[in-house]
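> Could you work out the structure for the sequence below:
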Amino acid sequence: MYLNCDLGESYGSWTMGLDAEVMPHIDQANVACGFHGGDPLTIQRTLALAAVHGVSVGAHPAYPDLVGFGRRSMQLSADEIIACLQYQVAALDGMAASAGMTLHYVKPHGALYNDMMASAEVRGAIMQSIAAYHRPLSLMLQATPEADAHREEAAALGLELLFEAFADRCYDDNGRLLSRRLPGAVHSREKMLAQVAQLCDQGSLTTVSGHTLPLAADTLCVHGDNPEGVQAIREIRALVKGRG
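This next block holds a predicted model:
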């Protein structure tokens with residue numbers, strides 16, 4: 001199972017995350033495209049860092065919400081979503097190509113990601129945007145019990161999907177992430193490692209109410225915003241590698 005992380009989110013003199021410390025321990029870097037974080041120089045540096053460590057690169061586009069870090073939903077039409085994503089993806093794709101690298105996938109950020117999972121209309125616009133891009137790219141989205149339906153939606157457009165699970169987040173019985181406003185939404189170190197082991201060994205996780213939920217994931221999302229997070233990524237990497 002791969003590990004992916006949101007990176008390149010610094011902007012100007014504002015620094016976000018510990019990209020240099022995280023990059024050696026992941027497989028996929030979701031690089032901010034400038035609409036919620038990231039700027040041209042940050043993108044360039046993040047791509048160079050990924051190249052040094054042989055990390056696959058994906059675009060991490062967002063709603064045009066730099067002030068809100070892309071965490072606020074916006075009422076965009078389908079045409080606006082399609083154009084907004086293609087604009088951001090094309091920018092990162094061009095910078096990657098100039099660095100001799102290849103962009104492989106797209107993972108929406110923040111509110112756009114959440115809206116994609118909650119709304120068939122938003123998800124459809126995102127899928128159309130990526131499917132209409134001038135060359136094939138995969139779409140990364142959350143692994144849920146509706147994965148087969150999502151796969152059918154994508155297949156109708158000739159789009160490939162990458163399903164992700166979250167190492168440190170608690171799930172409800174419907175396979176959704178427990179709201180961060182609720183207690184226990186983010187796992188302790190012990191529960192996080194237990195969840196990763198269960199996903200790797202059994203293809204399932206244990207929900208907030210104790211039920212076993214089958215979940216087939218291609219990649220695990222990890223977070224490296226602080227030294228504790230970086231250490232957690234190291235432990236997850238060792239755990240996943242130990243299981244082949």
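> Tell me where this structure has helices.
Counting by DSSP state H, residue ranges of the helices within the chain are 19-22, 40-53, 78-98, 110-118, 120-131, 147-155, 189-202, 227-241.
> Identify the residues contacting Met101.
Counting by Cβ atoms under 8 Å, 6 or more residues apart in numbering, Met101 makes contact with Leu47, Ala50, Ala51, Val57. For every residue, glycine as well, the C-beta is placed using N, CA and C.
> Look up the pLDDT of the third one for me, please.
For Ala51, the model assigns a pLDDT of 98.
> my read: it touches Ala99, true?
Yes - contact criterion Cβ atoms under 8 Å: Ala51 and Ala99 qualify, at 6.5 Å.
> re earlier: can you redo the helices of the chain as CSV, where the extra columns are distance to Arg176 and mean neighbour count?
Shown next, in CSV, are the helices of the chain (distance: least, Cβ to Cβ, whole Å; neighbours: other Cβ atoms under 10 Å):
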stretch, distance to Arg176, mean neighbour count
helix 19-22, 26, 20
helix 40-53, 30, 17
helix 78-98, 22, 18
helix 110-118, 8, 20
helix 120-131, 14, 20
helix 147-155, 13, 14
helix 189-202, 15, 16
helix 227-241, 22, 16
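> In JSON lines, list those along with distance to Asp168.
Output for the helices of the chain, formatted as JSON lines (distance: least, Cβ to Cβ, whole Å):
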{"stretch": "helix 19-22", "distance to Asp168": "14"}
{"stretch": "helix 40-53", "distance to Asp168": "22"}
{"stretch": "helix 78-98", "distance to Asp168": "26"}
{"stretch": "helix 110-118", "distance to Asp168": "16"}
{"stretch": "helix 120-131", "distance to Asp168": "24"}
{"stretch": "helix 147-155", "distance to Asp168": "21"}
{"stretch": "helix 189-202", "distance to Asp168": "5"}
{"stretch": "helix 227-241", "distance to Asp168": "7"}
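> same for the helix or strand of the chain with the lowest mean pLDDT, what does it pack against?
Lowest by mean pLDDT, DSSP states H and E among the helices and strands of the chain is helix 227-241, with a mean of 91. With contacts taken as 3 or more Cβ pairs under 8 Å, 6 or more residues apart in numbering; DSSP states H and E, helix 227-241 sits against strand 2-7, helix 19-22, helix 189-202, strand 219-222.
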